[in-house]
Structure formats: structure tokens, C-alpha cells
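Q: pasting the sequence and the predicted model now:
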Amino acid sequence: MRTRDWLPASHHMMTIFTVVAVASAVALGLLSWELFDKTRELELPRRRGALEAIADDATKKLTARLAQPDAVVANADGSALPAGVSVVVITPDRTVFGSTASLPFVPTRSLREADSTIFAEASALEFSKDGRDRARVAYEALARHSDSAVRATALQRLAAMRRQTGDLAGALRDYDALSALDDASVGGLPAGLVAAAGRAGALKERDQKAELRVAALDLARNLSRGKWPLTASEYEHYAAQASEWLGTSIWTDQAVSARARAQAVTWLWQQRTALGSPGRKLFAPSGLESAAIVVWRRTGDGFEAVVGGAELLRKLMSEAVPSGFVTSASDAEGHPVMGPLQAGEVATRAASDAVPWTLQVSPGTSAILNSDVAPQPLLFSVMGVMAVVLGAGWYFIARARGRELRVARLQNDFVAAVSHEFRSPLTSLAHVSELLAQNRMPSDAQRQQAYGVLVADTARLRELVEHLLDFGRFDSGEMSLRFERVGIDAMVKDIVDDARQRVAALGYTIEFSPSTDQAVAEVDRVALGRAIWNLIDNAVKYSPDCRTVWVAVEQHEGATAITVRDQGLGIPSGEQAGIFERFVRGEESKSRRIKGTGIGLALVRQIVDAHGGQIELSSTVGEGSRFVVKLRAAGGVT
């Protein structure tokens, strides 16, 4: 039994292929999902372990940085103190502050006050019925005193008196002079603060809005950077006064951070006798959305401490945790002091004596864990390759199916066309033979005419059979050509003369133009002749209106060109690419029922290819077609 006898039909085979492809795709998808799921399950513990290792490493780095005050402010590049850091030195009798970020208020201060008895006479004059002018003169004299504390008090009182009398310019001059005496105090307040607040108050009284805004901004800036040693209540009072004058709050993020540091220093001062050494504390004042880090050590009877705000906390965390990871910190009560508390994939390290805040680390979108190994990318790569393979399989199956259907349709068209071509001469042969057998043609002339029909139809059948046999031999590669040196002009002229006789009865003429140099080429005379005849026959069949066909031979650039041109129906551009394929016929030929088998032009291309030549087509619908066969010239002249 032959293999094709037990194989299923082609449409069944395509169904089987489709089912197998779908099943393979489903199986691959399920397998890939299972592998992905297993890989993810294996990856989670590794990722967890890597995240825990990062949290451990961060805790070690933070512990080392918070070990001593010097380590907190030590920069790897040897630069100055980090932003938002205050250095505090506490001795038994005083407190010293020195830093890049001063404190807005301090737990203790020492300001020099003037002796109040010096102002007794001037004060009595100021409040007497007719003594205000003499009081002003007395204060002006005291404003030139050698003691800066005395000068400060005198200037403040002078400015107040001038404000009462409406002398704004004089009051502002007194406040300007007073602002230069920062080492003195007035009424227990720094002279500079009294001058700044007094100046703004005077401008407010005279409704000088533009000047008031400038003065209030200057006051707010100096308060925020801790220009004057103030207590917490004094700072809060004047900060609120500056906000009122500005019409907006002065509590910026930097101001809130500075207040947190100041409150941390106040706590450190209050606890100075009870604290051990060294020590660390995260100070999160109630009511403030900020925190401060305090690191201290004892030095004899005093303390050295570093106090940093949110800026230092962020800096320490960024140095301890690799980039790409999200970090957050919370105090001992669980209140967040930096970033929101994380959920999901997170590593947590509880607060301790070494690191006084709870640390949380979670991977961000750009985080890289050492456990991120190759299985997932490799799996995705394999899945992608398999998807491409399956897609290619689907494509080629669909393409093969399409080609099979197209070939089947073309073969059906071919069988129908060949059957039609054979039916006409066979019908004629049968009819004439029947008339002759029944002796129904009494005259010799009629019999001779019948014999002529028999000969013509027999020749037509023989030509059809030879045409099909030649195509079959070329298609199977069994056709062997015998090349010889041939004069192309003479050969084409013979073909044209024979074609003229055949088409003359149909009313067609063929015009021939030979080459000027008598072209010569190495060709198979019979095969090439059949190709030229097919082109001429094709031109005649597709020229229903213009009954002239032009044939020409030209020689140029070492090639011989044989051109067959008509002014017939033309070939649409969409059909020109496939017109040389076997069994292909144009839609116009089918609709007009033009005879043909669909193998004529395919045979022409096979013959031209066998000669190592080329065939070119140029055609316009309604204007005709032009076929050019180009052959390598043999050279010389016949």
C-alpha cells in the first residue's frame, strides 16, 4: 500500500495540524505558568534573605555612625558639618553652641543688663507732666554712654517716645542704632531682637505695608537661623508676631526641623546630670512633624553632643541603605518620623540603644537584590522563543493551507480550461467522422472540406498535447535543450510568417521589425520558437479590438531583445506579479471567456530561464501589453 493511501485527506491533515498546534500552545502556556509560579516561590525566600541582609548591613553602618558625636558629623570627603546639624558643648557653668545650623531657642543664656539706677532721673522726667522734652534730652545723652548695655536701653526708650509723638523717621533711626548692639540686652531680651520687633511695630502703626513686609521677613529669617539667644516662649511669641505681620506662617520645613533640634537640646540640658555616656536618642517632640537625633558623650563635668534634624536622619539612612530601596523610621512609640511605614515585602529592625529608631527597608522599583538570579529572565526568554516558534508554525501552516487551496483552485481552473480546449476539436472530429461514416456527404467537394476539418482539428489537438507535454517536461526538469548558434531575426521571421497564416482568417495582422545587425544567440530553436509563438498567440487572444500585433528584434549592450507588443486589454498591476505562474489566468480572461489553459506564460518563463535570459512585462489596462525576452547575444553577424 502506498503512503498516500493511508494518509488522511489534505483538509483532514490541516485539521490535525491545527489541533496539534493549539494543544501545543496550551501545553506550553500551562507549563510556562507552572515554571514561573515555582520559580517565584523559590525566589521569594531568596529575596527575603537578601532584603534582611541589607537591613542588617544598614543597622551595622548606622551603629558605627552613631557610636560617638565625632562619627556622626564625620564626612567621607572631609567636608564641613552636614546641613541641619548643631554641635553643643555643655559645661557646668555655661552652654556653648557652634554649628552650621544654629538653634532658634536655647535652654539657658547669659545677657548683660544695664544698671537700672542710671535711668531713674530720665524715667521720672518721662512720666512727669512737663518733663518729656527734658527726658528725651537725658536719653539722648545716655545713648552716647560708654556702656553698650546703657546705650541699648536708652535707644529703646528714645524710639518708644518718638513713636508716641509720631516721629517715625526718628524712631527708625534709633532702632537702626539699637540693632548693632547684639551683645547687650533690653528688658531681658537681645537688643537686636528688640530693634527688629520695634521697627516692624512702628511701620505697622503707620500702615507702611511694603516696608513692614521687608522688616517682618528680616525678623523671620533671623529667628529661624537662631541669630539671638531666646527661650522657647520668647521664640514662639516673636515667630507668631512675624507670621501675623506677614499674613502667612513662617513655619517652613527647615524651621520645624530647627525647633525639633532646639527642643532636643533643651531635653539634653534638663537631663545633663542623669545621662550616661555615650548615649543616643531619637527625639520626636509632640505637635511637631519632625524629629531630632541626639548623640552625646561626657567630657569631665560636661557634655559634648551632636543634634541633627530630619536632614541628618535622611543623610544617615541614605548612606546606610543602597539606592533604589525605600526606607522609613519610627520612634519607640511607633510614630513615623521619616517616610510612611511600609507594608508587604519589608525588613524591620526594632529600635535599640545603638540605633534609637525602628528601621524599615523595602525594595523600590529600581532596587536590585543579590538574589535576583537568572531563572526568571531565562524563563521569559525560553517562553518568548517558544512563542516565536509556535507563531512561525502557525504562520507556515496557514501559508501552506492557503497555498494548497490556491493550487487546488488553479488546478481546477486548469482542468476546466483544458477540458474546454479539448472539447471543441473533439466535438468537431466526432461530428465530421460520423457524417463521413454514414456517407452523408455526397459530393467530393464536401468530402474534401470534411477532410480538411479533420486535419485542422487533429493538428490543433496535437498542438495542445505537445504544449502540455512540453510544460510537463520543463516542470519536472526532464526537458533537455540542444543549443546552437542561431540567427534570431531569421528564426523570429519564420515564426511570424507561420503565425500570420494562422491568424489571417481571424482578421489579425502581425508586423515584424528585424534588428539592424542581424542578431545571433546560442538557443534551442524549437523551445525558443514555442515561447515566441505563445507570446504572439497570447497577444492575439487578448486584443479583441486592435487587430495588429507588433514583433521586433533588437540588439544592444551585448543582449538580444525580442519584443511582442499589442494594444489589447492590458493586465492590471495587481495581477502582473503572478501572471507567469502556472495555471494563473487573469480575471478579465475568465469574465470574457477567452480560451486558454494558464500554462502558456509559465512555459515561456521556464524556457527563457533555461536559456539564462530574462522576460520583462510592462502593461496598462486598456492600452495593451509589452513582453520583452532578453537573451545573451553570441556576437557576430550571420
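A: Ah, there it is. All figures in this text were calculated on a predicted structure; none of them were measured in a lab. Residues are numbered from 1 along each chain as shown.
Q: helix or strand for Thr15, which one?
A: helix 10-65 (DSSP states H and E).
Q: ok, now Val564?
A: strand 559-566.
Q: give the buried residues for that strand.
A: Judged by neighbour count using 16 or more other C-beta atoms under 10 Å, the buried positions of strand 559-566 are 560-566. From N, CA and C alone the C-beta is placed, and that goes for glycine too.
Q: mind checking how far Ser128 is from His611?
A: 137 Å (C-beta to C-beta, to the nearest Å).
Q: ok, now Gly570?
A: Note on Gly570: its distance to His611, by C-beta to C-beta, is 27 Å.
Q: cool, and Asp353?
A: Asp353 is 99 Å from His611, by C-beta to C-beta.
Q: what of Val549?
A: 22 Å.
Q: mind pulling up the pLDDT for Gly624?
A: We note a pLDDT of 90 for Gly624 in this prediction.
Q: give me every residue that touches the nearest residue to it once chain neighbours are set aside.
A: Distance criterion C-beta to C-beta, 6 or more residues apart in numbering; nearest residue to Gly624, sequence neighbours excluded, is Gln567 at 3.9 Å. The contact partners of Gln567, taken as C-beta atoms under 8 Å, 6 or more residues apart in numbering, are 543, 545-546, 548, 623-624.
Q: which one among those residues gets closest to Gln270?
A: Glu623 (107.3 Å; C-beta to C-beta).
Q: thought the closest one was touching Gly570?
A: Yes - counting by C-beta atoms under 8 Å, Glu623 does reach Gly570; the two are 5.6 Å apart.
Q: tell me which element Phe627 falls in.
A: strand 624-632.
Q: what does whatever helix or strand Ala531 lives in contact?
A: Element membership of Ala531, judged by DSSP H and E, is helix 525-541. The contact list for helix 525-541 (C-beta under 8 Å, 6+ apart) reads 467, 470, 479, 481, 484, 486, 491-492, 494-496, 498-499, 503, 506, 508, 510, 549, 551, 562, 564-566, 568, 589, 594-596, 600-601, 603-604, 607-608, 610-611, 625, 627, 629.
Q: remind me what the next helix or strand after that helix packs against, helices and strands.
A: Using DSSP H and E, the next helix or strand after helix 525-541 towards the C-terminus is strand 548-556. In terms of contacts (3 or more C-beta pairs under 8 Å, 6 or more residues apart in numbering; DSSP states H and E), strand 548-556 is packed against helix 488-504, strand 509-513, helix 525-541, strand 559-566.
Q: in its sheet, what does the shortest one sit against?
A: Think strand 509-513. strand 548-556 (parallel) (DSSP bridges).
Q: which other residues reach the strand it pairs with?
A: Under C-beta under 8 Å, 6+ apart, the answer for strand 548-556 is 488-489, 492, 496, 508-517, 519, 532, 536, 539-540, 543, 560-567, 633.
Q: pull the distance from that strand to the chain's centre.
A: In terms of C-alpha atoms, centre = their mean, to the nearest Å, the centre of strand 548-556 is found 59 Å from the chain centre.
Q: pull out the buried positions in that strand.
A: 549-555.
Q: between that strand and helix 525-541, how many degrees?
A: In terms of direction (axes from the mean of the first three to the mean of the last three C-alpha atoms, to 10 degrees), strand 548-556 departs from helix 525-541 by 140 degrees.
Q: with just CA atoms, put strand 548-556 into PDB.
A: Extracted as PDB, the C-alpha positions of strand 548-556 are listed here (Å, rounded to 0.1, in the frame of the first residue of the first chain):
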ATOM      1  CA  THR A 548      -2.400  44.300 -35.000                       C
ATOM      2  CA  VAL A 549       0.400  42.700 -33.100                       C
ATOM      3  CA  TRP A 550       4.000  44.100 -33.300                       C
ATOM      4  CA  VAL A 551       7.100  41.800 -33.100                       C
ATOM      5  CA  ALA A 552      10.600  43.300 -33.100                       C
ATOM      6  CA  VAL A 553      14.200  42.100 -32.600                       C
ATOM      7  CA  GLU A 554      16.800  44.500 -31.200                       C
ATOM      8  CA  GLN A 555      20.400  44.100 -30.200                       C
ATOM      9  CA  HIS A 556      22.100  46.400 -27.700                       C
END
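Q: picking up where we left off before, and Asp353 and His611? Which one has more around it.
A: His611 (21 against 11; other C-beta atoms under 10 Å).
Q: for the buried residues of strand 548-556, which one is nearest Asp133?
A: For these, the nearest to Asp133 is Glu554 (129.1 Å; C-beta to C-beta).
Q: from Ser286, how far out is the closest one?
A: Glu554 is 105 Å from Ser286, where distance means C-beta to C-beta.
Q: break the protein into its domains for me.
A: Split into domains by automatic domain parsing, the chain comes to 3-58+377-415, 116-228, 480-632.
Q: closest to Leu316 out of the ones you listed?
A: domain 3-58+377-415 (9.6 Å).
Q: avg pLDDT for that closest one?
A: Rounded mean pLDDT across domain 3-58+377-415 is 67.
Q: got a list of what His339 touches?
A: Actually, residue 339 is Gly rather than His. By C-beta under 8 Å, 6+ apart, Gly339 lies in contact with 326-329.
Q: pLDDT weak spots in the stretch 151-300 of the chain?
A: Within the stretch 151-300 of the chain, the stretches with pLDDT under 70 are 251, 287-288.
Q: can you pull out the strands in it?
A: Secondary structure of the stretch 151-300 of the chain (DSSP state E, counting those that start in this stretch): strands located at 185-186, 189-190, 279-283, 292-299.
Q: pick the most buried one from those strands.
A: When you average the neighbours per residue for each of those (mean count of other C-beta atoms under 10 Å), strand 185-186 leads with a mean of 24.
Q: who touches that strand?
A: 111-113, 149, 152-153, 156, 178, 191, 194.
Q: quick one: strands adjacent to it?
A: Strand 185-186 has these partner strands in its sheet, going by DSSP bridges: strand 189-190 (antiparallel).
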